[in-house]
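>>> Need a 3D model of the sequence below.
(one chain, ligands or ions: 1)
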Amino acid sequence: MRVHIVYAHPSDGSFTHALLDAFQRGLTEAGHQSTVSDLYRMGFQPSLTPAEYLRESSHGVDWPVPDDVAAEQAELDAAQVWTFVYPVWWTDCPAILKGWFDRVWTIGQAYHPTTLNQADQALVLCAAGHTADHLRATGCYQAMETTMLTDRIAERAKAKRFVLFDGSEALADDAWRRRRAEHLDAAHRLGRELAM
Ligand SMILES: Cc1cc2nc3c(=O)[nH]c(=O)nc-3n(C[C@H](O)[C@H](O)[C@H](O)COP(=O)(O)O)c2cc1C
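Next comes the predicted model:
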């Protein structure tokens, strides 16, 4: 199976990067092929240009999209599984990934009408500083899950799942060390046991 990963974190030393590594290791062990759009490393431009805004707002479905956007759409079209790996920043994804959705979800490809191939599965792997219990109690978890799965993924994938790797800032050192190891095992298993 071909898996395309959209990854958004500026630092290779981060917990989020360790999640990416563990997930990819699992994919490789299971014989899946993976590709990555590493948005910071690519210097992905997250802002719509005036021409892109005009295309969306004028419903210019037949107008061309920029080359970097077309390249992202081609990666999605070629994959059966889409994965988004990022840290929670202010109860959402980093701005570079929000900008990826702003630009890559173009009219005529991602909506009105959707002509991108429907993915079999979309997986969201998301690192958070708070605990999941805290994020659920405040409604932030539900907000993030709804935004990603109901709005951004929606019917563009047949199956979808939001997985939170929580606690990096809320837990004390020892508890976090244990939780971190459990999270990396879980990310590895998600890659190795990826099912259709
Ligand atoms: C700018 C910024 C905003 C953040 N906002 C949140 C937040 O809203 N909720 C949360 O649970 N954690 C938040 N965090 C914490 C990260 O999600 C957390 O550290 C995560 O585990 C990523 O760790 P990493 O940077 O080592 O990959 C934020 C961190 C940064 C740098």
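
>>> List the residues that contact the residue most central in space within the chain.
Taking CA atoms, centre = their mean as the criterion, Phe84 is the residue nearest the geometric centre of the chain, at 1.6 Å. Neighbour list for Phe84: 5-6, 8, 93, 97, 122-126, 148 [criterion: CB atoms under 8 Å, 6 or more residues apart in numbering]. Any C-beta I mention is one placed from the backbone N, CA and C, and that applies to glycine too.

>>> For it, give its distance to Leu76.
11 Å (CB to CB, to the nearest Å).

>>> Which helix runs longest in the chain?
Longest helix of the chain, by residue count under DSSP state H: helix 173-192.

>>> Give the rounded mean pLDDT of it.
Taken as a whole, helix 173-192 has a mean pLDDT of 98.

>>> That one and the ligand in contact?
No - on the criterion CB under 6 Å from any ligand atom, helix 173-192 is out of touch with the ligand, staying 9.2 Å away.

>>> Only the buried residues of stretch 46-57, if you could.
Neighbour-count burial for stretch 46-57, counted by 16 or more other CB atoms under 10 Å, picks out 46, 48, 52, 55-56.

>>> need the residues of the protein near the ligand, please.
Taking CB under 6 Å from any ligand atom, the part of the chain that reaches the ligand is made up of 9, 14-16, 87-91, 127-130, 168-169.

>>> So which of the residues you listed are in helices?
Counted as lying in helices by DSSP H, out of the residues of the chain next to the ligand, are 15-16.

>>> Tell me where this protein has strands.
Ranges of strands in the chain, per DSSP state E, are 2-7, 33-38, 81-87, 119-127, 157-165.

>>> May I have the distance across stretch 128-143, first residue to last?
For stretch 128-143, the first and last residues are 14 Å from each other (CA to CA, to the nearest Å).
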